[in-house]
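>>> no sequence on this one, just coordinates:
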Ligand SMILES: O=C(O)CCC(=O)C(=O)O
Ligand SMILES: [Fe+2]
């Protein structure tokens, strides 16, 4: 495998079940074989994507002190700013030369789940940039709709009721992460210096990239292949939670970002399911011997994030 498959998901919106089944089959093959594919004909307005990239740039251009005031270290709910070299996606390797900003499903400070301190139910941090909040929430919502649609394809492929995941995606943990990788100008020694090799934690990730190369994906032979920018496409990949839920039927695949020649921006939308959803392989594949014990989505995600960020587990 030298290139990633490109899948048009328009057929998932068809009234005709055969057209939906055809796309579901293509998704299923990709999810079993590589866990990575490009999604085209996704229906998200290119203007919205363009505005979102511009907003990400406007955020990263703020003075460091303004960004640090929104630090992820102030949020137990995985929201906020991650400074340059503050994250190691592969702890065995070095620090990632990138900065990031996370927003999630938007909750008011007086929402009952926020007041109750439920995991991942927290307020977002907002930069003081005009129209920023509205536009980024519109983009997050559009990604969420697309994520739900793709899950319909997974359900068909896995032989489940077509709406199987709908109940698990009614109020999911959804994170939009803007990323900026500085230009290395050929100086970096490490191939994984932008982002260390890792698998994603949730169900699916929808990644929008700019035109600067950098993302690499491991193929089954353990070789790193380039995942170049494909105009108008999202890079979509399976995360560990869906791999676990599907008893390893679908695979989450390691990927990394090499230090780009020029400054590079990307936006990753990570979709998990509802925090209280129980991820149990027996529910998806009742005839198989389960390889994993049941776990709630929020417990699984907290366990994975705690391994990535020291600040989450450090004694206060
Ligand atoms: O920026 C990219 O191309 C990939 C980012 C990524 O893999 C991640 O944030 O999980
Ligand atoms: Fe990733």
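Thanks, I have it. All figures in this text were calculated on a predicted structure; none of them were measured in a lab. Numbers count the residues shown, from 1 in each chain. Ligands and ions are numbered 1, 2, ... in the order given.
>>> surely residue 101 is in a helix?
No: under DSSP: H, G, I helix; E, B strand; the rest coil, residue 101 sits outside any helix and is assigned strand.
>>> the helices in the stretch 151-300 of the chain, which residues?
With DSSP state H, counting those that start in this stretch, the ranges of helices along the stretch 151-300 of the chain come out as 240-245, 281-284, 297-308.
>>> list the buried residues of the second one.
Using 16 or more other Cβ atoms under 10 Å as the test for burial, helix 281-284 gives 281, 284. C-beta: built from backbone N, CA, C; applies to glycine.
>>> one more: the last one?
Under the neighbour-count criterion of 16+ other Cβ under 10 Å, helix 297-308 has 297-298, 300-302, 304, 308 buried.
>>> ligand 1 contacts on the chain?
177, 179, 195, 200, 207, 209, 214-215, 255, 257, 266, 268 (Cβ under 6 Å from any ligand atom).
>>> any chance of the helices of the stretch 151-300 of the chain in TSV, with mean pLDDT too?
Formatted as TSV, those follow (pLDDT from 0 to 100):
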stretch	mean pLDDT
helix 240-245	98
helix 281-284	97
helix 297-308	89
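>>> nearest to residue 291, out of those helices?
Of all these, helix 281-284 sits nearest to residue 291, with 6.6 Å by Cβ to Cβ.
>>> for that closest one, name the packing helices and strands.
Helices and strands touching helix 281-284, by 3 or more Cβ pairs under 8 Å, 6 or more residues apart in numbering; DSSP states H and E, are helix 240-245.
>>> residue 237 contacts residue 254, correct?
No: using Cβ atoms under 8 Å, residue 237 makes no contact with residue 254, being 10.1 Å away.
>>> pLDDT weak spots in the protein?
Along the chain, the model assigns pLDDT under 70 to residues 309-316.
>>> ranges for the strands of the stretch 201-316 of the chain?
Secondary structure of the stretch 201-316 of the chain (DSSP state E, counting those that start in this stretch): strands located at 204-209, 215-218, 224-226, 234-238, 255-257, 264-271, 278-279, 295-296.
>>> residue 91 is nearest to which of those strands?
The nearest among these, by Cβ to Cβ, is strand 255-257 at 13.4 Å.
>>> what is the closest one packed up against?
Under the contact criterion of 3+ Cβ pairs under 8 Å, 6+ apart, strand 255-257 touches strand 195-198, strand 215-218.
>>> redo the ones you listed as CSV? Include distance to residue 116.
Converted to CSV, the helices and strands packed on strand 255-257 look like this (distance: least, Cβ to Cβ, whole Å):
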stretch, distance to residue 116
strand 195-198, 31
strand 215-218, 38
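>>> JSON lines please, covering these and showing mean neighbour count.
Shown next, in JSON lines, are those (neighbours: other Cβ atoms under 10 Å):
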{"stretch": "strand 195-198", "mean neighbour count": "22"}
{"stretch": "strand 215-218", "mean neighbour count": "21"}
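>>> so what's the closest residue to ligand 1 within the stretch 51-200 of the chain bridging to?
For the stretch 51-200 of the chain, the residue closest to ligand 1 is residue 179, as judged by Cβ to the nearest ligand atom, at 4.8 Å. Per DSSP bridges, residues listed as beta-bridge partners of residue 179: residue 100, residue 266.
>>> that one: neighbour count?
By the criterion of other Cβ atoms under 10 Å, residue 179 has 23 neighbours.
>>> re earlier: just give me the closest of the buried residues of helix 297-308 to residue 34.
Nearest member of the buried residues of helix 297-308 to residue 34, counting by Cβ to Cβ, is residue 304, at 21.3 Å.
>>> return the distance of the closest one relative to ligand 1.
12 Å (Cβ to the nearest ligand atom, to the nearest Å).
>>> do residue 49 as well
If you measure residue 49 against ligand 1 using Cβ to the nearest ligand atom, the figure is 15 Å.
>>> repeat that for residue 293.
25 Å.
>>> how about residue 245?
19 Å.
>>> that older thread, and which of the buried residues of helix 297-308 is nearest residue 76?
Of those, the one sitting nearest to residue 76 (Cβ to Cβ) turns out to be residue 302, at 9.4 Å.
>>> any idea what the residue most central in space within the chain is bridged to?
Nearest to the mean C-alpha position of the chain, counting by Cα atoms, centre = their mean, stands residue 270 at 2.5 Å. Under DSSP bridges, the beta-bridge partners of residue 270 are residue 175, residue 205.
>>> just to revisit the earlier point, TSV for the helices of the stretch 151-300 of the chain, including distance to residue 91?
Converted to TSV, the helices of the stretch 151-300 of the chain look like this (distance: least, Cβ to Cβ, whole Å):
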stretch	distance to residue 91
helix 240-245	16
helix 281-284	27
helix 297-308	7
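>>> would you agree the residue of the stretch 51-200 of the chain closest to ligand 1 is in contact with residue 263?
No: using Cβ under 8 Å, residue 179 makes no contact with residue 263, being 11.2 Å away.
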